[in-house]
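K.L.:
Give me coordinates for this.
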Amino acid sequence: MDLDNLKSLWNKEDVSETPEISTERQKEIHLPLERIRKNMRNEFWSTAILLPLVLIAIWFFPIPFRFKLYIEVLVASMALITGFFFSKFFKLYKEISNPTLGTLDSLKDLFHQFELNKQYYLSFYLSFVPFFVCEMIIVIESIPYTHQYTNEYLTLIFLGSVAFGLIMVYFLGTLWFKYFYGKYIDKIKNLVEEMKMD
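P.N.:
So this is what the prediction gives:
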């Protein structure tokens, strides 16, 4: 093949075009995206209602004022961190509602956003580890000291509770993400893979 033929082939090829997604496929992709959006809304509103209720409920527990204050400060700090992460989730929520998801490239960008938000989600759960440890310290410190609770016994309770709590946070966070978001992301990935083969 000579140089002139190569040049003409090069000029004919338009690399700016991206494959369009058919209307039927867009509808198939829209269903899991709408489920993700619905779950994001539900998670936001349940958290927005739950955190103030927890702050109010703490005042009805019969514990000393200083421990109530410590727990209130911890829960308020958790609310700030939750607000930060929800601001990140909101960006994905807006991206999902974007009507210009008509090309494979736009879906690739969306998958990148999903991957980022999965990392945010895991970071969100990990950010609660210090709060959980602090709350366990407060609970242990609020137990009235008697001779039946030795230091070794309290240490075992503390370490066992922290270990159990951290394992539960990890597994519940992973299951939560997989159930409410992961299975729908996988459906979209499968649809995109089918489109690539067409």
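
K.L.:
give the contact list for the residue nearest in space to the middle of the chain.
P.N.:
Nearest to the mean C-alpha position of the chain, counting by CA atoms, centre = their mean, stands Y121 at 2.7 Å. Residues near Y121 by CB atoms under 8 Å, 6 or more residues apart in numbering: F85, G173, F177, Y181. Yep, even glycine has a C-beta here, placed from its N, CA and C like the rest.

K.L.:
Nearest spatial neighbour of L122, chain-adjacent residues omitted?
P.N.:
Closest residue to L122 apart from its sequence neighbours, by CB to CB, 6 or more residues apart in numbering: G173 at 6.9 Å.

K.L.:
Sticking with the one you found, tell me its helix or strand.
P.N.:
Counting by DSSP states H and E, the element that carries G173 is helix 151-177.

K.L.:
now Y120
P.N.:
Here Y120 is assigned to helix 104-126, by DSSP H and E.

K.L.:
Distance of the residue nearest to L122 relative to A48?
P.N.:
19 Å (CB to CB, to the nearest Å).

K.L.:
Count residues in the vicinity of F114, would you?
P.N.:
Residues near F114, counting by other CB atoms under 10 Å, number 20.

K.L.:
same check, this time on the one 5 residues further on
P.N.:
Residues near Q119, counting by other CB under 10 Å, number 11.

K.L.:
Need the pLDDT of it.
P.N.:
pLDDT for Q119: 85.

K.L.:
Surely L154 touches S142?
P.N.:
No. Counting by CB atoms under 8 Å, S142 is not a contact partner of L154; they are 11.6 Å apart.

K.L.:
Which parts of this protein are helices?
P.N.:
Using DSSP state H, the helices of the chain run over 3-12, 23-58, 65-96, 104-126, 129-142, 151-177, 183-197.

K.L.:
Now do the fourth one against helix 65-96: the angle between them, please.
P.N.:
Right, helix 104-126. Counting by axes from the mean of the first three to the mean of the last three CA atoms, to 10 degrees, helix 104-126 lies at 170 degrees to helix 65-96.

K.L.:
CA atoms only for helix 104-126 - export them in PDB, please.
P.N.:
Only the C-alpha atoms of helix 104-126 are listed here, as PDB (Å, rounded to 0.1, in the frame of the first residue of the first chain):
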ATOM      1  CA  LEU A 104     -20.600   4.600  24.900                       C
ATOM      2  CA  ASP A 105     -18.100   7.300  25.900                       C
ATOM      3  CA  SER A 106     -20.600   8.900  28.100                       C
ATOM      4  CA  LEU A 107     -21.300   5.500  29.700                       C
ATOM      5  CA  LYS A 108     -17.500   5.000  30.300                       C
ATOM      6  CA  ASP A 109     -17.400   8.400  32.100                       C
ATOM      7  CA  LEU A 110     -20.400   7.300  34.200                       C
ATOM      8  CA  PHE A 111     -18.600   4.000  35.100                       C
ATOM      9  CA  HIS A 112     -15.600   6.100  36.200                       C
ATOM     10  CA  GLN A 113     -18.000   8.100  38.400                       C
ATOM     11  CA  PHE A 114     -19.400   4.800  39.800                       C
ATOM     12  CA  GLU A 115     -15.900   3.600  40.600                       C
ATOM     13  CA  LEU A 116     -15.100   6.900  42.300                       C
ATOM     14  CA  ASN A 117     -18.300   6.800  44.400                       C
ATOM     15  CA  LYS A 118     -17.600   3.200  45.400                       C
ATOM     16  CA  GLN A 119     -14.300   4.400  46.800                       C
ATOM     17  CA  TYR A 120     -16.100   7.300  48.500                       C
ATOM     18  CA  TYR A 121     -18.600   4.800  49.900                       C
ATOM     19  CA  LEU A 122     -15.800   2.600  51.400                       C
ATOM     20  CA  SER A 123     -14.000   5.700  52.700                       C
ATOM     21  CA  PHE A 124     -17.300   6.800  54.300                       C
ATOM     22  CA  TYR A 125     -17.600   3.600  56.300                       C
ATOM     23  CA  LEU A 126     -13.900   3.600  57.200                       C
END
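
K.L.:
Right, I'll call it a day here.
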